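Undergrad: here is my input, please return the structure:
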Amino acid sequence: MITLNHVQKQFGSRVLFKDCSLQIGVRDRVGLIGSNGSGKTTLFRMILGEESIDEGEILIAKGVKIGYLPQEVISFRGNTVLDEVLKSLTNITSLQDKMKILEEGLSSIEEPKEQERLAKEYGKLQERYTLLGGYGLEAEAKRILEGLGFKERDFDRLTEELSGGWLMRIALAKILLQSPDLLLLDEPTNHLDLASLIWLEDFLINYPGAMMIVSHDRVFLNHLIDWIAEIEAQTIDLYYSNYDRYLEEKKARKQTLEATYKTQQRKIEQTERFIERFRAKNTKSSQVQSRIKMLEKIERIELPEKKKEIRFHFPSPKRSGHKVVEVKNLHKSYGETVVYQGVDLALYRGDKVALVGPNGAGKSTLLKILAGVLDFEEGDIILGKDVTRAYFAQRQFDILRPENTVFEELLSVATDESQTQLRTLLGTFLFTGDEIEKKVSVLSGGEKSRLVLAKMLLKPANFLLFDEPTSHLDIPSRNVLEMALKQFQGTICLITHDRHLINEIANKIIEIDKGIPHLYPGNYDYYLYKKQQIPLEETKREVKNEAKVKVEVEEKEKSEKKKTKYMAKEERRKRAQEMDQFRRQLSSLEKKFQEVETSLHDATQKLDQLNQRLSDPNLYQNQKETYDTIQTQKQVKEQVRELTQLWEFLALELEELKMMHLMSNTKDQSPN
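TA: Now for the predicted structure:
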């Protein structure tokens, strides 16, 4: 489907790709990895034709459709969320617009020949629309948007009202709805919460096309990809495995390369010593020349340059009291939206807590309140003895000043540290040379994350709060952060969509559900296990309760038998009367429900027949029949809508009547 043959690309004196070849098949799932600046985004742009190549060729099979999600925030204006997503299907939206114009024309134009002409055109458009699956696309667009975290109330919001993260979700939804042959996804999980990430993962597992994904989420890669393409040292190395097995194979390849390099170096050194020793001797001149030629022909093995990686650990903080923070009767709202109402919570020294829950549940709100950067309406946040806090914001601009340079930003929290110490600290976070003079406003997401971490090291705290600390960090940097958090002796509360990090760090999971925190001791895997066990435990409790109820019923029946002869005739008559009334109501409602259900079934069948009739080109040879069919289709469509609403209403009424009768019986049977 896509073939790269001996591709070369460089910017100025910097070579990105040198004689690189690669093939992507129709069902290939490729993880594209490499250090920052290695050329991952450039490779995507070359495949798309947005970036030229210096040598070689890129071949794309005829008709292949490619969907590309860039890292940069995309701006959308002038449409609602749903319309913007549907707008991506240009063929469909164009057909919809044309059909709407023709419908208006058929309703208003009276001249028979013109009506016949419009009717024929309408039939052709509707046939095409049906073949393209137009009637189901709006429902699919809504399903994708909901999976990516949008609520139904968001569908009619204007895109310009949304933040960059939500705009990226719209961009992703547009691509998924288009269902291209090849997906090129550059960090698709950066702007997703955990629930949306898991939904996307499930969606892509079942995706019928090929995909190439750049991601720093190793769990995401492990679940989706079949092989790895790593950009390193100007080449593309292929590993036919998932990410975890890639790490093992890369380590084995590196050991083999280093051993081969050492062997070659020893051979070269031995040959050079022979040449130097016997160069002046005429009797050895032929042997010397032979070895000189041999050295010239040797293809020298080169070891890749050692990558620069951040290296740090959090300094040992002052020991806090046993209870780090206590939340009492917390109330928090945004306008009319209530997030928390009377919440109580406590965290203790040594807790490493991950906050999880659906989008909009209030995780970031709770974290900000715990960090002391967000006000609330009612309740108390009580810090324990000697507790000091450090907060890592999801949007780094919240805690960084864009007008500062990197060095000035670090200097703003320094106390007794010298300039040399500050420069050394910045160096450990890969800010070297002139980079420390860069303005914060021009830093990439990863650079901002590293700068925030550097600032946290200068102010040792025993209670660390992180909101998506790994979003812009590559996997090696995530591994260093993971190790630092593991070794940290204080208390941690974090929100992250990195399931690997949660598993390695957390000893408690707090799930926020409808404004209520639920505590699960253990890591993420244990949390998932317990979530799966809850339905089973509920079933066991129900069975146990049923057995208990059965015993109670049997005992009640024995007791009732004894009391039957003493029961008043009036009471028995009253019960019989109520039962008779219930049966009459139930019978009447069920009869009405069945009638509506039958009518709905008939109307739905009729609508299907009319839609099928409208997609038949032969219909449009008769202008009057065409007009009548279109009008009938509109009437039946409205009838189906009304009958569906009535059916839903009667179904709810039936359920409510049965529930009320059941509750009445239960109440009557309960002991006084």
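
Undergrad: let me know the pLDDT of Glu570.
TA: Looking at Glu570, its pLDDT is 62.

Undergrad: typed the wrong thing, it's Phe431
TA: 86.

Undergrad: show the contacting residues for the nearest residue to it once chain neighbours are set aside.
TA: Spatial nearest neighbour of Phe431, excluding adjacent residues (CB to CB, 6 or more residues apart in numbering): Val406 at 5.4 Å. All C-beta atoms are positioned from the backbone trio N, CA, C, and that covers glycine. The neighbours of Val406, taking CB atoms under 8 Å, 6 or more residues apart in numbering as the test, are 426, 431, 435-438, 440, 443, 447, 451.

Undergrad: CA atoms of stretch 48-59 as CSV?
TA: Coordinates of each C-alpha in stretch 48-59 appear next as CSV, following Å, rounded to 0.1, in the frame of the first residue of the first chain:
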residue,chain,number,x,y,z
LEU,A,48,1.4,12.8,2.9
GLY,A,49,3.4,14.7,0.2
GLU,A,50,3.6,17.8,2.5
GLU,A,51,7.4,17.5,2.7
SER,A,52,9.8,16.7,-0.2
ILE,A,53,12.4,14.0,-0.2
ASP,A,54,16.0,14.5,-1.4
GLU,A,55,16.6,11.1,-2.9
GLY,A,56,14.7,7.8,-3.3
GLU,A,57,10.9,7.4,-3.8
ILE,A,58,7.7,7.0,-1.9
LEU,A,59,5.1,4.9,-3.8
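
Undergrad: residues of it that come out buried?
TA: Neighbour-count burial for stretch 48-59, counted by 16 or more other CB atoms under 10 Å, picks out 53, 56, 58.

Undergrad: other residues contacting that stretch?
TA: 2-10, 19-21, 42, 45-47, 66, 68, 184.

Undergrad: now the buried members of the residues you listed.
TA: Buried among the contacts of stretch 48-59 by 16+ other CB under 10 Å: 2, 4, 7, 9, 20, 42, 45-47, 66, 68, 184.

Undergrad: could you list which of the residues you listed belong to helices?
TA: 42, 45-47 (DSSP state H).

Undergrad: mind listing what the residue nearest to the spatial centre of the chain touches?
TA: Using CA atoms, centre = their mean, the residue of the chain that lies closest to the mean C-alpha position is Leu197, 2.2 Å off. Counting by CB under 8 Å, 6+ apart, Leu197 touches 189, 217, 220, 497.

Undergrad: do Pro304 as well
TA: 232-233.

Undergrad: so is it in a helix, a strand, or just coil?
TA: The three-state label given to Pro304 by DSSP: H, G, I helix; E, B strand; the rest coil is coil.

Undergrad: again with the one 10 residues further on
TA: Here Phe314 is coil, with the state taken from three-state DSSP.

Undergrad: so what does the closest residue in space to it that isn't next to it in sequence have for phi and psi?
TA: Spatial nearest neighbour of Phe314, chain neighbours left out: Phe488 (4.7 Å); criterion: CB to CB, 6+ apart. Torsion angles at Phe488 (phi, psi; degrees, to the nearest 10) stand at phi -60, psi 130.

Undergrad: what's the local residue count around Phe488?
TA: Using other CB atoms under 10 Å, the number of residues around Phe488 comes to 19.

Undergrad: repeat for Gly147
TA: 18.

Undergrad: would you agree it is in contact with Leu200?
TA: Yes. Gly147 lies in contact with Leu200 (CB atoms under 8 Å); the separation is 7.1 Å.

Undergrad: list the residues that contact the closest residue to Ser599 other than its chain neighbours.
TA: In space, and not counting its chain neighbours, Ser599 is closest to Leu643: 5.7 Å by CB to CB, 6+ apart. Applying CB under 8 Å, 6+ apart to Leu643 gives the contacts 596, 599-600, 603.

Undergrad: ok but Glu326 is inside a strand, no?
TA: Yes. With three-state DSSP as the criterion, Glu326 is located in a strand.

Undergrad: any idea how far it lies from Asp380?
TA: 8 Å (CB to CB, to the nearest Å).

Undergrad: over to Glu160?
TA: Using CB to CB, one obtains 39 Å as the distance from Glu160 to Asp380.

Undergrad: all the strands of the stretch 451-600 of the chain, in order from the start?
TA: All strands of the stretch 451-600 of the chain, identified by DSSP state E, counting those that start in this stretch, fall at 463-467, 491-495, 508-513, 516-521.

Undergrad: ditto for the stretch 151-300 of the chain
TA: 182-186, 210-214, 227-232, 235-239.

Undergrad: and the stretch 1-150 of the chain, by the same measure?
TA: 2-11, 14-24, 29-33, 55-60, 66-69.

Undergrad: ok, and what's touching the second one?
TA: This points to strand 14-24. With CB under 8 Å, 6+ apart, strand 14-24 has contacts from 1-10, 30, 38-39, 42-43, 56, 182, 210, 212, 229, 231, 234-236, 238.
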